[in-house]
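Student: mind looking at a prediction? Sequence and model below.
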Amino acid sequence: MQPTQLVQDNTTVILDLSSRTTRAGFLSTEFPDQSGPRLAVDSAYLRPSTSSGESGGVVKTYPINRGQVDDIDGVEAIVRQVLYGEAGWPEEPLNGYHRNVVLVEPPMQPRATREALAKMFFETFQVTNYFSIDAAAASLYAVGKTSGIVVDVGYDRVDVTPVLEGVVHASSAVRIGGFGGHAMTELVAAKHGLEYDEAEAKKRGYMVNKEEEIKSEDDAPNAPSLEDLLGDQIGGHIRDIGSACVNASMISLVAGEREWRRTLMDSIFVCGGGSRVAGFGPRLFADVLEKHAAGFKPSVVPVPDHMPEGFVECASWYGGHLIAGIVMKDQSVRSKHCVTRTDYRDHGARAIWRKLT
């Protein structure tokens, strides 16, 4: 089925923005078998070079780096390519044609960035209804949870984010910059004396399609070693992430609910492309087991059996799709949960704080 045919039947697009890949797909009733992020494009755009030595040239630029939106204009260029170029949205809205967007935002975006994104969708892309959600909450929702700790191993960062009843607690979240899928490839290159592309291919040869489930403490010592692939430095990175998981669970004490810590540690979900390297999940779990407080035995959230292979790499998009099926169900529901054009006209971008968390 061609994208333009999908647009005629679907007015809601789910967009998932990340550092190196932007995923998009349409709201479908045949989920997840006949739906999915139909489009996966490079999160880069070509901007005119500002270098005096490259007059008239262009530079490939990534507007999202280490999970932070650095360039709204660059994001606009990518979204324009996805919606108008790849998905086939008409640039001018048709009479009676709604343009609904569910945006999965990179975790921990500041208020000003979230408002700028909402402004972009209403003023540039003239959406009818708009809903946004943090990628951590969306990823957790995709595995049937609303509370837990999400460990997202992205291209150039690892985000460890506590989520309580669907609300992201950014103040207790930890972003580990300088590590992720890209750093793993560099470790492979250094360990084996390979060029970057060769190291990437070698790393991908060790990636699993389904996460390796560990359900008890006895399983953890049997986790595969990563040192032969990535070198000795990987142990330190995993210990840093494990400490971040334990620290993220401490939000429960601030919230005044000791029982929340048990809920958080009982629902650790590891996702992102880097998490697919064989042995990474088990090693991380083993480290968390060593550090967890007495009385709080952690466990990893398994991937539901009905989800497709490679799910953990785009879990946040699937969560966004599930949420879109709720908030975009009909006009009465959209008016309650989404920012509408009327809301934006009356309150501007600040309307998102009236309806979105």
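Tutor: Structure's in. What do you need?
Student: what about the stretch 201-350 of the chain, any weak spots by pLDDT?
Tutor: 209-224, 252-258, 293-296 (pLDDT under 70).
Student: check the stretch 1-150 of the chain too.
Tutor: For the stretch 1-150 of the chain, the ranges with pLDDT under 70 are 1-10, 29-38, 49-56, 94-96.
Student: what ranges do the helices span in it?
Tutor: 3-9, 72-80, 111-123, 135-142 (DSSP state H, counting those that start in this stretch).
Student: of all those, which lies closest to residue 174?
Tutor: Residue 174 lies closest to helix 135-142 among the helices of the stretch 1-150 of the chain, at 11.5 Å (Cβ to Cβ). C-beta: built from backbone N, CA, C; applies to glycine.
Student: okay, the closest one in CSV with CA atoms only?
Tutor: What follows is helix 135-142, C-alpha atoms only, in CSV (Å, rounded to 0.1, in the frame of the first residue of the first chain):
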residue,chain,number,x,y,z
ALA,A,135,9.4,8.8,24.8
ALA,A,136,10.0,7.1,28.2
ALA,A,137,6.3,7.0,29.1
ALA,A,138,5.4,5.9,25.6
SER,A,139,7.9,3.0,25.7
LEU,A,140,6.6,1.8,29.1
TYR,A,141,3.0,2.0,27.9
ALA,A,142,4.0,-0.2,24.9
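Student: what's the longest helix anywhere in the chain in contact with?
Tutor: Determined from DSSP state H, the single longest helix within the chain is helix 233-248. The contact list for helix 233-248 (Cβ atoms under 8 Å, 6 or more residues apart in numbering) reads 149, 151, 158, 160-162, 172-174, 176, 179, 183-184, 187, 226-227, 264-265, 268, 280, 283-284, 287-288, 290-293, 298.
Student: whichever of those residues end up buried, select them in ChimeraX.
Tutor: To isolate in ChimeraX the members of the contacts of helix 233-248 that are buried, counting by 16 or more other Cβ atoms under 10 Å, one can use:
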select :149,151,158,160,161,162,172,173,174,176,179,183,184,187,226,264,265,268,280,283,284,287,288,292,298
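Student: in helices only, show me the contacts of helix 233-248.
Tutor: 183-184, 187, 227, 264-265, 280, 283-284, 287-288, 290-291.
Student: now distance to residue 141 too, for the residues you listed, in JSON lines please.
Tutor: Shown next, in JSON lines, are the ones in helices among the contacts of helix 233-248 (distance: Cβ to Cβ, whole Å):
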{"residue": "183", "distance to residue 141": "28"}
{"residue": "184", "distance to residue 141": "27"}
{"residue": "187", "distance to residue 141": "32"}
{"residue": "227", "distance to residue 141": "35"}
{"residue": "264", "distance to residue 141": "15"}
{"residue": "265", "distance to residue 141": "19"}
{"residue": "280", "distance to residue 141": "23"}
{"residue": "283", "distance to residue 141": "26"}
{"residue": "284", "distance to residue 141": "21"}
{"residue": "287", "distance to residue 141": "26"}
{"residue": "288", "distance to residue 141": "22"}
{"residue": "290", "distance to residue 141": "29"}
{"residue": "291", "distance to residue 141": "27"}
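Student: for those residues, which one is nearest residue 131?
Tutor: Of the ones in helices among the contacts of helix 233-248, the one sitting nearest to residue 131 (Cβ to Cβ) turns out to be residue 264, at 25.2 Å.
Student: for the closest one, give its distance to residue 248.
Tutor: 7 Å (Cβ to Cβ, to the nearest Å).
Student: re earlier: now tabulate the helices of the stretch 1-150 of the chain in CSV and tack on mean neighbour count.
Tutor: CSV is the format used below for the helices of the stretch 1-150 of the chain (neighbours: other Cβ atoms under 10 Å):
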stretch, mean neighbour count
helix 3-9, 13
helix 72-80, 18
helix 111-123, 18
helix 135-142, 29
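Student: which among these is found nearest to residue 57?
Tutor: Across those, closest to residue 57 is helix 72-80 (Cβ to Cβ), at 16.9 Å.
Student: that closest one vs helix 111-123, what angle?
Tutor: In terms of direction (axes from the mean of the first three to the mean of the last three Cα atoms, to 10 degrees), helix 72-80 departs from helix 111-123 by 40 degrees.
Student: my guess is residue 24 meets residue 39, correct?
Tutor: Yes: in this structure, residue 24 is within contact of residue 39 by Cβ atoms under 8 Å, at 4.3 Å.
Student: residues shared between the contacts of those two?
Tutor: With Cβ under 8 Å, 6+ apart as the test, residue 24 and residue 39 both reach 82, 86-87.
Student: what's the ChimeraX syntax to select whichever of these are buried?
Tutor: Buried residues among those (16+ other Cβ under 10 Å), as a ChimeraX selection:
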select :82,87
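Student: pull the residues that contact stretch 65-77.
Tutor: By Cβ under 8 Å, 6+ apart, stretch 65-77 touches 17-19, 45, 47, 61-64, 106-109, 113, 116-117, 120, 124, 154, 156-157, 159, 175, 177.
Student: put the buried members of those into a ChimeraX selection.
Tutor: In ChimeraX syntax, the buried subset of the contacts of stretch 65-77 is picked out as below (16+ other Cβ under 10 Å):
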select :17,18,19,45,61,62,63,64,106,107,108,109,113,116,117,120,154,156,157,159,175
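Student: returning to that earlier point: only alpha carbons, please: show the longest helix of the chain as PDB.
Tutor: Listed next in PDB are the C-alpha coordinates belonging to helix 233-248 (Å, rounded to 0.1, in the frame of the first residue of the first chain):
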ATOM      1  CA  GLN A 233      35.500  -0.500  29.300                       C
ATOM      2  CA  ILE A 234      31.900  -1.800  28.900                       C
ATOM      3  CA  GLY A 235      31.800  -2.900  32.500                       C
ATOM      4  CA  GLY A 236      32.200   0.600  33.800                       C
ATOM      5  CA  HIS A 237      29.500   1.900  31.500                       C
ATOM      6  CA  ILE A 238      27.100  -0.800  32.700                       C
ATOM      7  CA  ARG A 239      27.800   0.000  36.300                       C
ATOM      8  CA  ASP A 240      27.000   3.700  35.700                       C
ATOM      9  CA  ILE A 241      23.700   2.700  34.100                       C
ATOM     10  CA  GLY A 242      22.900   0.300  37.000                       C
ATOM     11  CA  SER A 243      23.600   3.000  39.600                       C
ATOM     12  CA  ALA A 244      21.300   5.400  37.600                       C
ATOM     13  CA  CYS A 245      18.500   2.800  37.800                       C
ATOM     14  CA  VAL A 246      18.800   2.500  41.600                       C
ATOM     15  CA  ASN A 247      19.000   6.300  42.000                       C
ATOM     16  CA  ALA A 248      15.900   6.800  39.700                       C
END
